[in-house]
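Visitor: fold the following for me, if possible:
(one chain, ligands or ions: 1)
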Amino acid sequence: MKVNFNLKQAGDSVTGRIIGTGSYVPEQIVTNENLAALVDTSDEWIVTRTGIHERRIALEEGTSRMAAEAARRALKNAGVEADELELILMATSSPDYCFPNGACEVQAAIGAKNAVAYDISAACSGFEFALSTVQAFLKAGVYRTALIIGADCLSKLTDWSDRGTCVLFGDGAGAAVIRAEETGIIHSVMGSDGAKGQVLSCMSRSEGNFLNGKKPELGYIFMDGQEVFKFAVKKVPECIRQVLEESGTDINEVKYFVLHQANYRICESVAKRLGQPIEKVPMNIASYGNTSGATVPILLDELNRQGKLNRGDKLVLAGFGGGLTWGAALIEW
Ligand code: COA
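Guide: Predicted structure coming up:
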C-alpha cells in the first residue's frame, strides 16, 4: 500500500500561510437602476437596505473560467508555478457541471498536473471551509502547497423576476495559494445547522425524471431574508469570539475582520456586537454585491494589492451562508 504522507512535515508547528492572492470579476456591470427596469425596486431601497450599488454579471464566463483566472493571478502573486500545487480546493455552490468538479476544470486550465482537485460545497462559507480543510492537510503533513478558490456564478441560479433576491447577488472568484509554514493560519472553526437549511436554498433538480421524459432542471435561489439576517448577526460574532478564545488571542490584536459581503448592515452589526470600530471591517459590497463563496477572497485580494496587509498582521476571515453553515479563521499574514 502506498501512503502519500510526508510525515517529516507533520506536527503542531506546521500550519498553512497564505503566500499569494488573486481575484477576477466579470466586466459586465449591472447597476441598481438597471434592476429597477426589471423589477419593482429602486436604487434608494437597495442602497439603504444592503449597501449594494452595482454588481458584476458573467455573460460568457462560467464559474470555472472565473476561478481559473483568479487562480492564475494568485499563483503569479505568490511566485508559485502551477505544477508545484499538490491540492486544489474550489468552494462553489454554482459549479458549471455536476461532474467534472470545478477544481478539476481549474486544474486543467492552469496546468496543475500534480494536484488533486475537488470542490467543497458550503455556499457562502465555502472559502472558510476550504481554508480549514487545507490547514488540516498541511498540519498532518499530507501536502505542502495548495490553492483554494471561492468562485460563484449565482446569476444563473437567480430568478430575475424576484426582487427579494435578484438585487443581492453578483458573480466573481477569488483565490489564495497556501504553503506549509510555521506561521499563518493560527486557528479555524466551522459549523453547520442542517435543520435550518430551508431558509436559504436552491434545489438542484425540480423533480425526478425516471421514465417521465422530463429533463432535470436547476431551481432558483429561495431565501427567507429576515431569518438569514438574524442568523448572520448572531452566528458571525459568535464564531469569531470562538476562534479568538480558543487561540488565546485578544480581539484588539486583530487588524481587519474580513467578513462575507452579504449586506453592509450585517457587517456593521457584527462590528458593533464585537465592540470593534467599523474601520476594522473593510467592505466592497457596494461594487460587487454578494458573490457567495468569492466575497472573502476577493476582499482579501483587494487588501493585499492595496498594500494594506503587512507581515505579522492578524486577520479574521469569517463567512456564513446556506446549509446553514458558518466559519471563521484567525490568520497571521
Ligand atoms: N426593492 C423594494 N422593495 C423590496 C425589495 C426590493 N428589492 N425586496 C423586498 N422589498 C420589500 C418587501 O416586499 C417588503 O415590503 P412590504 O413591507 O410591503 O411587505 C419590504 O421591502 C421590507 O422587506 P423586508 O424583507 O422586511 O426587508 P429587510 O429590511 O429585511 O431587507 C434583505 C431585506 C433581504 C435586504 C435583508 O433581510 C437581508 O439582507 N437579509 C440577509 C440576506 C442575506 O444575507 N443573504 C445571503 C446570505 S449568504
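Visitor: where exactly do the helices run in this structure?
Guide: With DSSP state H applied, the chain shows helices at 32-36, 43-50, 63-78, 102-110, 126-139, 163-166, 225-246, 264-274, 285-288, 295-305, listed in chain order.
Visitor: and the third one, how far out from the chain's middle?
Guide: What that stands for is helix 63-78. Averaged C-alpha coordinates place helix 63-78 at 14 Å from its chain's average position (C-alpha atoms, centre = their mean, to the nearest Å).
Visitor: go through it and flag the buried ones.
Guide: Residues of helix 63-78 classed as buried by neighbour count (16 or more other C-beta atoms under 10 Å): 63-75, 77-78. C-beta: built from backbone N, CA, C; applies to glycine.
Visitor: now it: mean pLDDT?
Guide: For helix 63-78, mean pLDDT is 98.
Visitor: show me what that helix is packed against.
Guide: Packing contacts for helix 63-78, counted by 3 or more C-beta pairs under 8 Å, 6 or more residues apart in numbering; DSSP states H and E, involve strand 15-24, helix 102-110, strand 145-153, strand 171-181, helix 295-305.
Visitor: and the buried residues of helix 63-78, which is closest to the ligand?
Guide: Relative to the ligand, the closest of these is Thr63; by C-beta to the nearest ligand atom it sits at 16.7 Å.
Visitor: check the spacing between that closest one and Pro95 real quick.
Guide: 6 Å (C-beta to C-beta, to the nearest Å).
Visitor: between these two, which contacts overlap?
Guide: Gly102 (C-beta atoms under 8 Å, 6 or more residues apart in numbering).
Visitor: which residues of the stretch 201-333 of the chain lie near the ligand?
Guide: Residues of the stretch 201-333 of the chain that fall close to the ligand, judged by C-beta under 6 Å from any ligand atom: 223, 225-226, 228-229, 232, 262-263, 290, 321.
Visitor: where does the protein dip in pLDDT?
Guide: 1-12, 205-207, 216-217 (pLDDT under 70).
Visitor: nearest residue to the middle of it?
Guide: Geometric centre of the chain, nearest residue: Gly293, 2.7 Å, by C-alpha atoms, centre = their mean.
Visitor: from Lys314, how far out is it?
Guide: Taking C-beta to C-beta, one finds Gly293 at 23 Å from Lys314.
Visitor: which residue, other than its chain neighbours, is closest to the residue of the stretch 101-250 of the chain found nearest the ligand?
Guide: Closest approach between the stretch 101-250 of the chain and the ligand, counting by C-beta to the nearest ligand atom: Gly225, at 3.0 Å. Of all residues not flanking Gly225 in the chain, Gly164 sits nearest, at 6.2 Å (C-beta to C-beta, 6 or more residues apart in numbering).
Visitor: tally of neighbours for the one you found?
Guide: 14 (other C-beta atoms under 10 Å).
Visitor: just use 39 as the starting number from now, easier for me
Guide: In the new count, where the first residue is 39, that last one comes out as Gly202.
Visitor: ok, it touching Asp262?
Guide: No - using C-beta atoms under 8 Å, Gly202 is not in contact with Asp262, being 9.3 Å away.
Visitor: the ligand contacts on the stretch 39-188 of the chain?
Guide: So the stretch 39-188 of the chain meets the ligand at 79, 83-84, 87-88, 162 (C-beta under 6 Å from any ligand atom).
Visitor: redo that, cut-off 8 Å
Guide: For the stretch 39-188 of the chain, the residues in contact with the ligand (C-beta under 8 Å from any ligand atom) are 73, 77-80, 83-84, 87-88, 161-162.
Visitor: mind listing what the closest residue to Phe260 other than its chain neighbours touches?
Guide: What sits nearest to Phe260 in space, not counting adjacent residues and going by C-beta to C-beta, 6+ apart, is Ser239, at 5.2 Å. By C-beta under 8 Å, 6+ apart, the residues touching Ser239 are 259-261, 360.
Visitor: coming back round to it: tally of neighbours for the residue of the stretch 139-288 of the chain closest to the ligand?
Guide: Counted with other C-beta under 10 Å, Gly263 comes out at 15.
Visitor: and Val154, how far from Val180?
Guide: For Val154, the distance to Val180 (C-beta to C-beta) stands at 10 Å.
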